[in-house]
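quick one, fold the following:
(chains A and B)
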Amino acid sequence: MRRVFTIKVGGAWYGIPIETVRTVFRVDAISEVPLSPPSIAGLVNVRGEVLTVIHLTHYLGLEPVDGSGGYLMVGIEHNDEAFGLIVAKAGDILDIDEAARVIIPAGADGQTTAAPLPTYKLESSLLPILDVDSMLASLATAPAGRAAIHDPAPS
Amino acid sequence: MISIQIADDGSGIDVNRIRDKAAALGLADDNRLAVMTNDELCRCIFAPGFSTANKVTHVSGRGFGMDVVRENIESIGGTVSLTTVAGQGTTVTLKVPLTLAIIPALIFSVGNHRFAIPQDSVVEAVSCHDGDKSRLSVVQGQKTLRLRDQVMPVADLASICKVQPADDSERLVIVTRLGTSNFAIAVDQLADVQEIVIKPLSSPLSHLNIFAGNTILGDGSVVLIVDPVGLAAAIGLDSSNQHSVDVDGQADPYRKDATNFILFRAQGKVQKALPLSLVSRIEEVKASDIVDSDGQKFLRHSGQLMPVIVLAGDDPERQTWPVLIIGVAGEPMGLVVTEIIDTIEHSLEIDIAGRTPAIIGTTTMNGEVTEIMDLTHFMESARPDEFARKHAHRFRVLLVDDKLFFRDMLAPIIAAAGYEVNTAESAEAAMAAIRRGGQFDAILTDVDMPDVNGYELTHMIREIPAYLDTPIIAMDAYAGDEVQDTANRAGMLSVVGKFDRKLLVSLLQDNLTASAFRQSAIESRMNTETAA
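Modelled structure (predicted):
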């Protein structure tokens, strides 16, 4: 069994390991960091703590979000550092059964290049789980977002 | 982060009561409460208004204590959490940041991005126009700044950061210290100087060398802190000669240290100098704001009249004049000069003693013969009352040190700063001078002297009623924390390193002005009481 928090990014739902999740909140604006990797949206102040904000859409290779109305974010903590993940919607806490794991073959759509995310079968949908660890590790070096399972990979 | 755990072996917290209270307060709905773990339930304890107490005492029960705890810890960037096991005990875990590095920083903007730069690195900020004093140009593909007689490379922050600069109308640069040389950073606007807490950038951003970290300003906004070393590297500057002269200086204790002077021109061909520490600020004023009244000149300034001495030659055509603003016993006065040349660090050596009252002596600075002005002469002229409050003499300082070398080195400096100096070669000699009726306004004493040391001397001096409040400053080769503590406990104001001329002069300045104020306050009270 694993417990995840579901978030909607772009048009699809993903799960994040619940241990990393701290808070869900809204901000009006983000302070950009010049020369930062493209998946990093910038920095934001939440109750006196500075969070590094991540464009999940960029990381997943999806359409960028329109930030004019502000952003909804999930605050996560990883290795004692605080990050904010920009999401379209925040969902629920779900308990996932390991038995519900489905295997998505790599390159099934003929266009994906990255290894697919672990995905679980829910009642009426599939839920990929984000690996926060490897996402943050790759951010400093990644030149462009990783391809998503659902959308065509950026060329 | 430091982790602090406080645990007891009591009966633990009854999580059922927490759950009930959470439900009653509507903190979460029943379904959620049912699945919450003990740790999650314990988090409810920190919610405002949360209390399971049946009655309220004068110290507890209202449900706000834990909220305040959580608020305070979070405000310094820490966290607090609680775990409990029924029948076994409860553990509270605090995590607080290890250091809070606070520095003063200059806030500036480039385009619509704001940045901070440590004030320590900032030499000055200059507005560049195509004038003769400061000029931006491009030399061999590198942007450079010519400022007075220095030429230095310029880091165009807008292009380095790939941000859109503001309209090019006024070019501002921040001259930044880098080891022994300087470079300039082109910016759009300066905001203000704030004390900021440096927080490091997170791992995905820590590779950006031009930023030293980030901070939260008073208005809640997050601002990046520029790292001068990283920025210099970005424009190809080698900062490896950062191991500056200071390091060598430590090895040679007899090297004459330097004081900051401001060089200027006034009437006459000879360049003039004043210790910079005596100057409050420099302003450019309109000629029309300088007025004559009752045989004296005044400057109309912020709705008040400030007495000024015009050192500059007359020039009816001229529209503006630079003025050095100086404080006399808390009251400002100005020196109108012809031209500010530069500020310079120079050792205080007087080659020829002055013969006219306005000049302390003559020396060579920047290769030019320079007259070091006697500020007290002008103070006496411009602010005679405030000056007279010092009982018709300059502030008098007693310098006590058993080594002739230090007496000879420090006395001229204190004199050049505008004080009358007497020296004593021992605590005994010092007490003799005091008992003889010498009225000293401040005492500077070596800590480490044979027979009677500086602390014991302080005790002896404090026993004399007139000297209860007199500033006594200790001098030591090494002004570390322990020496500071011992000095404070002995009744001394502070400890100054013997080679720290700047601090010495500024301590004297700060304390002698303040005590003059106090004196005049007592005086005016006495006068009104007598009158009544």
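
residue numbers of chain A in contact with chain B?
Neighbours of chain B within chain A, by C-beta under 8 Å from any C-beta of the partner chain: A:31-37, A:40, A:42-45, A:47-50, A:52, A:79-83, A:93, A:136, A:139-140. For glycine as for every other residue, the C-beta is placed from the backbone atoms N, C-alpha and C.

can you classify B:L136 as helix, strand or coil?
Reduced to three states with DSSP: H, G, I helix; E, B strand; the rest coil, the structure at B:L136 is strand.

what bridges to it?
Beta-bridge partners recorded for B:L136 (DSSP bridges): B:L145.

which of the residues of chain A next to chain B count as buried?
Buried members of those, counted by 16 or more other C-beta atoms under 10 Å in any protein chain shown: A:31-37, A:40, A:42-45, A:49-50, A:52, A:81-83, A:136, A:139-140.

helix, strand or coil for B:S60?
B:S60 ends up coil, using three-state DSSP.

nearest spatial neighbour of A:L51, chain-adjacent residues omitted?
Using C-beta to C-beta, 6 or more residues apart in numbering or on different chains and skipping residues adjacent in sequence, the residue nearest A:L51 is A:G84, 4.2 Å away.

so B:T320 sits against B:S288, correct?
No - using C-beta atoms under 8 Å, B:T320 is not in contact with B:S288; the gap is 9.5 Å.

in terms of neighbours, single out the busier of these two.
B:T320 (12 against 9; other C-beta atoms under 10 Å in any protein chain shown).

now the strands for chain A?
For chain A, applying DSSP state E gives strands covering A:2-9, A:12-17, A:21-27, A:40-46, A:49-54, A:71-78, A:81-87, A:89-96, A:101-102, A:119-121, A:126-128.

those: which one's closest to B:A487?
strand A:49-54 (39.8 Å; C-beta to C-beta).

and the closest one, which strands flank it?
Looking at strand A:49-54 with DSSP bridges, its partner strands are strand A:40-46 (antiparallel), strand A:81-87 (parallel).

dump those into TSV; add mean pLDDT as well.
Formatted as TSV, the strands paired with strand A:49-54 follow (pLDDT from 0 to 100):
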stretch	mean pLDDT
strand A:40-46	94
strand A:81-87	94
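
please identify which of the ones you listed is closest to B:P204.
Closest approach to B:P204 among the strands paired with strand A:49-54 (C-beta to C-beta): strand A:40-46, 5.9 Å.

tell me the angle that closest one makes with strand A:21-27.
On the basis of axes from the mean of the first three to the mean of the last three C-alpha atoms, to 10 degrees, strand A:40-46 is oriented at 90 degrees to strand A:21-27.

quick one, strand A:40-46 and strand A:71-78 angle?
90 degrees.

rewinding a little: as CSV, the strands of chain A with distance to B:H58 would be great.
Conversion of the strands of chain A to CSV gives the following (distance: least, C-beta to C-beta, whole Å):
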stretch, distance to B:H58
strand A:2-9, 42
strand A:12-17, 45
strand A:21-27, 34
strand A:40-46, 35
strand A:49-54, 34
strand A:71-78, 37
strand A:81-87, 38
strand A:89-96, 40
strand A:101-102, 57
strand A:119-121, 54
strand A:126-128, 53
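
nearest to A:L60, out of these?
Nearest to A:L60 among the strands of chain A is strand A:2-9 (6.3 Å), distances taken as C-beta to C-beta.

elements contacting that closest one?
Packing partners of strand A:2-9 (3 or more C-beta pairs under 8 Å, 6 or more residues apart in numbering or on different chains; DSSP states H and E): strand A:12-17, helix A:56-59, strand A:81-87, strand A:89-96.

how's chain B carved up into domains?
Here the domain parsing of chain B from automatic domain parsing is B:2-96, B:102-242, B:258-386, B:389-528.

re earlier: which strand residues bridge the residue nearest to A:L51?
Beta-bridge pairing of A:G84 under DSSP bridges involves A:V53, A:G75.

show me the contacts for it.
Taking C-beta atoms under 8 Å, 6 or more residues apart in numbering or on different chains, we find A:G84 in contact with A:27, A:44, A:46, A:51-54, A:73-76.

between these, which sits nearest chain B?
The closest of the contacts of A:G84 to chain B turns out to be A:T52 (C-beta to the nearest C-beta; 4.3 Å).

so the closest one sits right up against A:N79, yeah?
No - assessed by C-beta under 8 Å, A:T52 is found out of contact with A:N79, at 12.0 Å.

circling back to that earlier point, can you redo the strands paired with strand A:49-54 as CSV with distance to B:A28?
Formatted as CSV, the strands paired with strand A:49-54 follow (distance: least, C-beta to C-beta, whole Å):
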stretch, distance to B:A28
strand A:40-46, 21
strand A:81-87, 21
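
closest to B:A490 out of those?
Going by C-beta to C-beta, the one of those nearest B:A490 is strand A:40-46, 45.8 Å.

now the closest one - C-alpha only, CSV.
Extracted in CSV, the C-alpha atoms of strand A:40-46 (Å, rounded to 0.1, in the frame of the first residue of the first chain):
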residue,chain,number,x,y,z
ILE,A,40,11.9,26.5,-12.4
ALA,A,41,9.3,29.2,-12.3
GLY,A,42,11.0,31.2,-9.6
LEU,A,43,10.7,31.8,-5.9
VAL,A,44,7.8,32.5,-3.6
ASN,A,45,7.4,33.5,0.0
VAL,A,46,5.0,31.4,2.1
